[in-house]
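# Sequence below, structure please.
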Amino acid sequence: MRTRKITALIVLVTFLLSIVSTGVMAKNNSSGIDVQFNKDGSVQVVMNFKDLDEAKWAVKNILKMNAEDIIMGYNDGSFRPNKPVTHAEAVVLTIRAAGLQSEIESQVADAVYLPFKDAKSIPGWAQKAVAVAVEKGYLQAGPSNNFQANKSAKREWVVKLIAKALSLEPVDIELPFTDADKISADTVDYVAAVVYKQLISGFPDGSFKPNKPITRAELAVMLGISTDEEPIPGDFKFKIEGTLDSVTPQAATVTDDNYGSVDQSQGSVTITVDKDDDEGAESNATVTYPVASDALIYVDDQTAELADLAVGAKVEAIVKDGMVVYLEVEPVVVKGVVQEVYDDTITVIESNWGRGRKIDSSEVVSSTYDLAADVAVTLNKDSVTASDIQAGDVVKLTLNAEEVTNIKVSRFKLKIHKKNDKHEWLEDAKEEREREREREKEMRERAKEDRERERGRERERENDSDSES
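You can find the predicted model right below:
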C-alpha cells in the first residue's frame, strides 16, 4: 500500500506542475470517467464523453451502461455513438448486460467451444463471451456456419440475441411496422416478443429497419431498457436496488487509499436493500454510501440534484470503490394485459416483472388500480383517453403513490388465434369479474330493498304514534 501511495503522489505532483491557470487537468480514458486533479490537491470524478451531443436521446442509457462497466468509450474520451457495432461487440455487450461477466471470466481461454468455421477470426477479447452465448443457446451456427465477428450487426440480429438472453418466448403477432415484411422469417417472432414487451417501438416513421446496422447508441438504449424492465439471468457487481431511507446533501471528505483524504463527495444516501447484492449487503439490510461529487442522478428520466430525492422512493444505485456514481429514482411500473377499464380504474393481469416492483413468476396476479384524473394515455404512440383501452391490450402503467399517472398501450393482432394459458386465464378472469359485478349488483339491489322496507316500517310506526296521540 505504501508503494501505491508514493507512486500516486509522484503522479499527482507531475500533474500539479503542469496545471494551467484554470487549476484543473483532466485525464481521459475509455471508461468515460475523467479523473480531475485540482490545484488544492482534491480529486474530482467526472463521468462523461466528449461527443454525446451526437446522440442526446441516448445519453442516459449510455452513461448508465458505462457506469455498470457494460459499454466503454475510447481512449480519446469519445463514445462514437453513431459507430456501427460488430457481431463480436454485440455479443460481448449483451452478455455483460445480462449480468454474466463472471461466466465470461470463468471460461478457460484455450478451451472455449466455438462451433463456427471462422472461429479463428473471432478476436481474443470476444471469444469467451461468444462461447458463453453459444453455451446458453443465445447463438447458433447459421447455414453458412460462420460467425462473421467483424461484420456489422443488423438490428434484427441484435434484437433476437437480446430476446434469447432475456428468455423471451417467440410471439406470433402482427407487427406494427411498415417494413415488417422485411424481417427474416427466423427472427420475426423474436422481434415480436420484444415489441410485445414494449422494449422497442421502432422509428418515428413507423419502420423497424431490420437490416440497418445497429449503432453503439442504439444498442446502449436497447440494453438499458431491456435490462431495466425484464429479469436478467445473472447479476450486476455494482448495482444496489432498494428504498431510500435518508439523504444527506452535504459535501464530505472521503478517505481514498491512493490519494489520502480528498473532498469528492456531495453527500450520502442510506438505502434499505431489496435483495442480496455483491457489495455485501443482505436483503432488507440498510447501507449508507457517499455520493460522488459528479455522480449521475436521475428522477423521472431527468437529471436531478441529490437534494431532489425523496425519502421512501425506490432507487437504483451503482457503487464503485465504495461510492455511488449513478443514482436513479425508479418509477413503479406495472406491465401486463388489460382485463377491464371500469369507473376510473384499470384491472390488469400482471406480468412477473416491472421496474420498482417484482412479483413471483409462478403467480398470476390480477390487480386493480385507480386512474389519476389527468392520466396520460398513448395507444401505439397516439394520444388517447382511458376509455379507448380495451380488454386484451398490452399496457405499461406508471404509478405515483397509488394512482396510475401514465399508460402506454399496445394493441396487437394474433396472426393465428392461439389460446395459450394466459389467454385462457384472461377469459376466465373476465367471466369471474362479470359474475362478481353481478353479485355486487344483486347485493346493492337487496340493500336498496332492505332500506325501502325499513322506511316503510318507520312510516308505519309514525302513523301508529299519530293515531295514539
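# Which pLDDT value goes with residue 401?
Residue 401 is assigned a pLDDT of 74 by the prediction.
# Count the residues that sit near it.
By other C-beta atoms under 10 Å, the residues close to residue 401 number 8. (Glycine included, C-beta is placed from N, CA and C.)
# Same check on residue 62?
If we define neighbours as other C-beta under 10 Å, then residue 62 has 24 of them.
# Just say helix, strand or coil for it.
helix (DSSP: H, G, I helix; E, B strand; the rest coil).
# my guess is it contacts residue 54, does it?
No: between residue 62 and residue 54 there is no contact under C-beta atoms under 8 Å: 10.6 Å.
# wait, what's in contact with the spatially closest residue to residue 151 that is not a sequence neighbour?
Nearest residue to residue 151, sequence neighbours excluded (C-beta to C-beta, 6 or more residues apart in numbering): residue 87, at 5.5 Å. For residue 87, the contacting residues are 147, 148, 149, 150, 151, 153, 157, by C-beta atoms under 8 Å, 6 or more residues apart in numbering.
# for this structure, what are the low-confidence residue spans?
By pLDDT under 70, the low-scoring segments of the chain are 1-47, 253-263, 275-284, 352-364, 415-448, 450-451, 465-469.
# how about a cut-off of 80?
1-48, 109, 141-143, 236-237, 251-264, 275-284, 351-365, 401-402, 414-469 (pLDDT under 80).
# Show me where it has its helices.
For the chain, the helices defined by DSSP state H occupy 2-17, 59-67, 87-97, 101-106, 124-136, 155-165, 188-196, 216-229, 421-468.
# what's near enough to touch residue 105?
By C-beta under 8 Å, 6+ apart, the neighbours of residue 105 are residue 128.
# State the number of residues packed around the nearest residue to residue 156 once chain neighbours are set aside.
With C-beta to C-beta, 6+ apart as the criterion, residue 156 has its nearest non-adjacent residue at 3.8 Å, and that residue is residue 210. When neighbours are defined as other C-beta under 10 Å, residue 210 has 20 of them.
# Could I get the CA-only coordinates of stretch 371-383 as PDB?
Only the C-alpha atoms of stretch 371-383 are listed here, as PDB (Å, rounded to 0.1, in the frame of the first residue of the first chain):
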ATOM      1  CA  LEU A 371     -56.600   6.200 -12.500                       C
ATOM      2  CA  ALA A 372     -55.400   9.700 -11.900                       C
ATOM      3  CA  ALA A 373     -57.800  12.400 -13.100                       C
ATOM      4  CA  ASP A 374     -55.100  13.600 -15.600                       C
ATOM      5  CA  VAL A 375     -53.700  10.200 -16.500                       C
ATOM      6  CA  ALA A 376     -51.800  10.300 -19.800                       C
ATOM      7  CA  VAL A 377     -52.600   7.500 -22.300                       C
ATOM      8  CA  THR A 378     -50.800   6.600 -25.500                       C
ATOM      9  CA  LEU A 379     -52.000   3.900 -27.900                       C
ATOM     10  CA  ASN A 380     -49.400   2.800 -30.400                       C
ATOM     11  CA  LYS A 381     -47.800   6.300 -30.000                       C
ATOM     12  CA  ASP A 382     -51.200   8.200 -30.400                       C
ATOM     13  CA  SER A 383     -52.600  10.200 -27.600                       C
END
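# still on that earlier bit, who are the contact partners of the residue nearest to residue 156?
154, 155, 156, 179, 182, 183, 184, 187, 191.
# For these, give me CSV that also has neighbour count and distance to residue 68.
Formatted as CSV, the contacts of residue 210 follow (neighbours: other C-beta atoms under 10 Å; distance: C-beta to C-beta, whole Å):
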residue, neighbour count, distance to residue 68
154, 20, 25
155, 23, 23
156, 22, 25
179, 16, 32
182, 14, 33
183, 23, 30
184, 14, 31
187, 19, 27
191, 25, 25
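# Which one of those is nearest to residue 305?
Set against residue 305, the nearest of the contacts of residue 210 by C-beta to C-beta is residue 155 (36.4 Å).
# is it true that residue 129 touches residue 92?
Yes: contact criterion C-beta under 8 Å: residue 129 and residue 92 qualify, at 4.3 Å.
# what's the spacing between residue 269 and residue 332?
19 Å (C-beta to C-beta, to the nearest Å).
# Residue 55 against residue 81, yeah?
Yes: the pair residue 55 / residue 81 is scored as a contact, 3.6 Å apart, by C-beta under 8 Å.
# Who has more neighbours out of these two?
residue 81 (24 against 21).
# Let me know whether the more buried one touches residue 217 as I believe.
Yes: between residue 81 and residue 217 there is a contact at 3.6 Å, judged by C-beta under 8 Å.
# can you list residues touching both of these two?
With C-beta under 8 Å, 6+ apart as the test, residue 81 and residue 217 both reach 54, 55, 58, 62.
# Dump the residues you listed to JSON lines, plus distance to residue 225.
Below are the shared contacts of residue 81 and residue 217 laid out as JSON lines (distance: C-beta to C-beta, whole Å):
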{"residue": "54", "distance to residue 225": "20"}
{"residue": "55", "distance to residue 225": "15"}
{"residue": "58", "distance to residue 225": "11"}
{"residue": "62", "distance to residue 225": "12"}
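# okay, among those residues, which ones form the most distant pair?
Counting by C-beta to C-beta, the most remote pair of these is 54 and 62, 10.6 Å apart.
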